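# From the sequence below, what's the structure:
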Amino acid sequence: MADLTTTYLGLKLKNPLVASASPLSEKVETVCALEEAGIAALVMYSLFEEQIIHESLELDHYLDYGAESFAEALTYLPNIGRYSIGPGSYIQHLRRVKEAVTIPVIGSLNGVSTGGWIDYARMIEDAGADALELNIYYLSFDPKISSAELETTYANLVNNVKAKINIPLAVKISPFLTGMANVCQRLVEAGADGLVLFNRFYQPDFDLEELEIVPNLSLSTSQELRMPLRWISLLYGRIQTDFALTTGIHTAEDVLKAMMAGANVAMMASELLKHGPGRGAEILAELEAWMTEHEYESIKQMQGSMSAQAMHEPYALRRSNYMKVLNSFKYLP
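Got it, this is the predicted structure:
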């Protein structure tokens, strides 16, 4: 029987399949079903910086009722819709989830600025989380902010959050950064114990009849695996940290590719949302069958085996593959 165990953020996991931050963790019974299906760990849905600020503004309202700027100030906050659950309720729910399962539970904070909201990192730890994922989700559209300034903000944020907790910290980032390798190195130096590649931006659409901007959520496909797969294979061995590959994990083959690139875990949400928690058990069975057929004894044996570090003259190989791709397409009028 193949050994599926792996380690991530210092946690020993029974296999590399992790449920990523999503609505899957909103109900305790769903989390229990995920554990029963073999999912090795769970990342909670995120507690947003805006939620904490919103609660603080409400408190200010009742302490200083009638302040002229209050009503206007609230209009600057985004409509957080289904995530309007307060931070106190989030902490309570995390505690209930942790008590219901034996698999590691990773809390999730989503924010970009430094401030009092990062105190909730310690509260998440106190609620029983085995680790914390800091989800840095920010779209910079101010032409006065340079990439260097933005990346320094990220590093400072990681450093400040790390100072609040004693549990491991993973950082989830966007693929749209300039010097990706340098940014990742800086985040690790700032205190990140692991990197989650990549955050998936949800693109809004325009409603031409109502002249409104409409939120539009489409689930991922295996095609989206390629970007995080490429970057983890390039960074594996160059940056001393754990890697989680997220976005595009739908099949056992996707999990295998993630491991061979150098990831410690493969994070899945869309496939489980579409087909239910039981899909996890099917993927794990297919994973073990493939490993047995191809005579792999363990996940550890294959980790990083197709990374750039494992290849002879990786730069020449990348250039060769680039040229092959360009020459592979034939136009047939």
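# Can you report how many residues neighbour residue 228?
Neighbours of residue 228 under the rule other C-beta atoms under 10 Å: 26. Every residue, glycine included, has its C-beta placed from N, CA and C.
# State the distance from residue 171 to residue 252.
Applying C-beta to C-beta, to the nearest Å, the value for residue 171 to residue 252 is 27 Å.
# Point out where the chain drops to low pLDDT.
Counting by pLDDT under 70, the ranges of the chain that qualify are 53-86, 217, 312-333.
# Which stretches in it count as strands?
Secondary structure of the chain by DSSP state E: the strands cover 6-8, 11-13, 17-19, 41-43, 47-48, 105-110, 131-135, 169-173, 194-197, 205-207, 212-214, 242-246, 265-268.
# which stretch among the ones you listed comes nearest residue 148?
Closest approach to residue 148 among the strands of the chain (C-beta to C-beta): strand 169-173, 15.6 Å.
# For the closest one, which helices and strands make contact with it?
Applying 3 or more C-beta pairs under 8 Å, 6 or more residues apart in numbering; DSSP states H and E, we find strand 169-173 packed against strand 131-135, helix 147-162, helix 180-190, strand 194-197, strand 242-246.
# Can you list the buried residues in that strand?
Using 16 or more other C-beta atoms under 10 Å as the test for burial, strand 169-173 gives 169, 170, 171, 172, 173.
# and what of stretch 118-132?
By 16+ other C-beta under 10 Å, the buried positions in stretch 118-132 come out as 118, 120-125, 127-132.
# ok, back up a step: and of the buried residues of strand 169-173, the nearest to residue 190?
residue 171 (8.5 Å).
# thinking the closest one is in contact with residue 186, fair?
No. Using C-beta atoms under 8 Å, residue 171 is not in contact with residue 186, being 10.5 Å away.
# joint contacts of these two?
Residues touching both residue 171 and residue 186 (C-beta atoms under 8 Å, 6 or more residues apart in numbering): residue 154.
# could you pull out the helices for the stretch 1-150 of the chain?
28-36, 49-63, 70-75, 87-100, 120-126, 147-162 (DSSP state H, counting those that start in this stretch).
# Of these, flag the one that's most buried.
Per residue and on average, the most neighbours among the helices of the stretch 1-150 of the chain fall to helix 120-126, with a mean of 20 (mean count of other C-beta atoms under 10 Å).
# what packs against that one?
Where contact means 3+ C-beta pairs under 8 Å, 6+ apart, helix 120-126 is packed against helix 87-100, strand 105-110, strand 131-135.
# Give me the residues contacting it.
Helix 120-126 has contacts (C-beta under 8 Å, 6+ apart) with 47, 52, 87, 91, 94, 107, 109, 132, 134, 161, 164-167.
# how about those, which pair is most distant?
52 and 166 (21.0 Å).
# starting at the chain centroid, how far to stretch 148-166?
In terms of C-alpha atoms, centre = their mean, to the nearest Å, the gap separating the centre of stretch 148-166 from the centre of its chain is 17 Å.
# Residue 191 contacts residue 159, doesn't it?
Yes. Using C-beta under 8 Å, residue 191 makes contact with residue 159 at a distance of 5.6 Å.
# circling back: export the strands of the chain to TSV and tack on distance to residue 153?
TSV is the format used below for these (distance: least, C-beta to C-beta, whole Å):
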stretch	distance to residue 153
strand 6-8	26
strand 11-13	28
strand 17-19	28
strand 41-43	23
strand 47-48	17
strand 105-110	15
strand 131-135	13
strand 169-173	12
strand 194-197	17
strand 205-207	29
strand 212-214	26
strand 242-246	22
strand 265-268	25
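# Which one of those lies nearest to residue 277?
Comparing those by their distance to residue 277 (C-beta to C-beta), the top pick is strand 17-19, with 8.3 Å.
# Would you list the strands that that closest one pairs with, along with their directions?
strand 41-43 (parallel), strand 265-268 (parallel) (DSSP bridges).
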